[in-house]
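**Q** Got a sequence here, can you build the structure:
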Amino acid sequence: MTRIIFPLLLLFLLAGCREESMPAAKLLQCTGCHAVELDTNHELSCITCHRGNNEAQDKETAHIQLIARPAHPDSMGDVCGPCHGATVAGVIDSQHFTLKNSTNTFREVFGAEKPLTNFLEVPVKENPENILELADDLLRRRCFRCHPYSPGDNYPAVGHGVGCSACHLSFFEGKLQSHTFQKPQDQQCLSCHYGNYVGFDYYGRFEHDYNAEYRTPYTTKNAHFRPFGVEYHQLVPDIHQQKGLVCVDCHSGQELMRDSAVKPSCAACHSGDELAKSLPPRVERREKDAFVLLAGNGKEHPIPLLQHPAHFNNPEKITCQACHAQWTFNDISKHYLRSDVDDVDPWTLLATQGSFEVENLVEHNSDFNNTELPLQMTDKITRTPRQGLWLKGFTMRRWEEVVLGRDRDGAIATMRPMLDYSLSWIDEEENVRFDSLMAIDNMQGLRPYVPHTTGPAGVFYRERIDNYLKKEQTATTREFYTLLPRRSRPRHHTSPIPHSPF
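**A** Below is the predicted model of the structure:
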């Protein structure tokens, strides 16, 4: 018996010694659960930005007063502001944050008289009583998917952060890829500037039509990878993209975050006279040559300077892209329908339209094996659902013809259909509340824009300009002035005819 008891007692004593000699349990802290690699400029404690309790040993306690998204516009003043006060103060009123120009321009053609200071002020009206209220419903539930308060859509390449992180952190498929803050890369820019908006064209991308028979691949109905929601034609990229320039090479933080009065221009880099006055960032002049240090790859690239006589011996004032744009966005006549009718079967061939919410709901409810989802779309500001599904279509989508017109300074410029909208609404009882009510715009929806499809002017640049001038000259005086913005028209001209020679 003694032989048995003694070894057991020895084991018990040894075990007790080992237990007493063990160190106290180590605190997990935030990085015990979250593997995070910080950049050298943000080697801070997690709680500096995210708050919470860094010494707790359970999730609930650790997350008390946690700020999950410290870069969100609602939090960035308190979190980012102490270190980046001037930047935060400036960006909150910038175009990227307020969207006031695009929002007010859209609302004006539907009858709005008072401009808004911020897109967040667009009114909510569940049962619109006039065309402006219907347009506001469209803005809040279909259009406002790309803004710094929203994480974007659910397609792989268009999900992004909010607030500061929308531009300075990397996301893919809705997940944070790296906690390293960096200068905006083109990936971040394209998470909003895609789908036939300036930025997408920089990479030579023109979105396919929405109807299934105009999309690829043509031979399968299986799901396939569409990182931006809709497939696209690969056209020629902008020459600057081909040479390695990224968006921030031309669009500086001063312009994007503080609405600087100094905007990028072709002449700022390519005109010897302009370079003699002042050099843009990262541009260096050496005797008769100029070079730019690229932000994307850090390489130096020579800048071709204006030399062709066409740049100096022309009586007309002509913008650079009027000759150098290789192609343009021409989505002609945009039709939006709010449908409150439960039957989505008529829209199955139009399910893919760059809206994950529309695509998911139409495909789900058209499958009889599924329990139907309510026919609702979320308010992209408040994230609350409301009745009705906003569907979109076009009369025609084209890129081949570069349309010209006059900008506010009277220069010949590239134009695109931007405000040629018509809105409709069918309620849940299948009553047509509004039937193709069109935006009221005496420029027929056309507006000057700068296509990012720059390339050689080619041998037909003169023909492009001459053809426009012939159209302009054959139009009557009254017709011609409808091409000009109001501030460019003579004061005695008070009754423009809503017609364009285009």
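**Q** what number of residues lie near the residue nearest to residue 414 when sequence neighbours are not counted?
**A** Closest residue to residue 414 in three dimensions, ignoring its sequence neighbours and counting by CB to CB, 6 or more residues apart in numbering: residue 321, at 4.7 Å. Where C-beta positions appear, they are placed from N, C-alpha and C, glycine not excepted. Residues near residue 321, counting by other CB atoms under 10 Å, number 21.
**Q** Residue 321 contacts residue 413, doesn't it?
**A** Yes. Between residue 321 and residue 413 there is a contact at 7.2 Å, judged by CB atoms under 8 Å.
**Q** the domain parsing of this structure - what is it?
**A** 99-147+192-236+326-488, 239-305 (automatic domain parsing).
**Q** what's the closest of these to residue 63?
**A** Closest to residue 63 of those, according to CB to CB: domain 99-147+192-236+326-488, at 20.8 Å.
**Q** Give the rounded mean pLDDT of that closest one.
**A** Mean pLDDT, domain 99-147+192-236+326-488: 90.
**Q** sec struct for the residue nearest the centre of the chain, please.
**A** Geometric centre of the chain, nearest residue: residue 192, 2.2 Å, by CA atoms, centre = their mean. Classification of residue 192 by DSSP: H, G, I helix; E, B strand; the rest coil places it in coil.
**Q** All further residue positions should be reported with the first residue as 678.
**A** From this message on, residue numbering opens at 678, which makes the last subject residue 869.
**Q** Name the nearest residue to it, ignoring sequence neighbours.
**A** Counting by CB to CB, 6+ apart, residue 823 is the residue found nearest to residue 869 once chain neighbours are left out, at 3.9 Å.
**Q** Give me the neighbour count for that neighbour.
**A** Residue 823: 20 neighbours (other CB under 10 Å).
**Q** circling back to that earlier point, what's the distance between the residue nearest to the centre of the chain and residue 825?
**A** According to CB to CB, to the nearest Å, residue 869 stands 9 Å off from residue 825.
**Q** what's the answer for residue 976, then?
**A** 31 Å.
**Q** So for those two, which residue has more residues nearby?
**A** Higher neighbour count among residue 976 and residue 825: residue 825, with 25 against 10, using other CB under 10 Å.
**Q** Please report phi then psi for residue 787.
**A** Main-chain dihedrals, residue 787, degrees, to the nearest 10: phi -110, psi 20.
**Q** how about CSV for the domains of the chain, with distance to residue 840 added?
**A** Formatted as CSV, these follow (distance: least, CB to CB, whole Å):
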stretch, distance to residue 840
domain 776-824+869-913+1003-1165, 10
domain 916-982, 12
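**Q** Got the phi and psi for the nearest residue to residue 1097 once chain neighbours are set aside?
**A** Once flanking residues are discounted, residue 1097 sits nearest to residue 1122: 2.9 Å by CB to CB, 6+ apart. Here the main-chain torsion angles of residue 1122 (degrees, to the nearest 10) amount to phi 80, psi -10.
**Q** got the contact list for residue 1122?
**A** Contacts of residue 1122 were listed using CB atoms under 8 Å, 6 or more residues apart in numbering, and they are 1094-1098, 1116.
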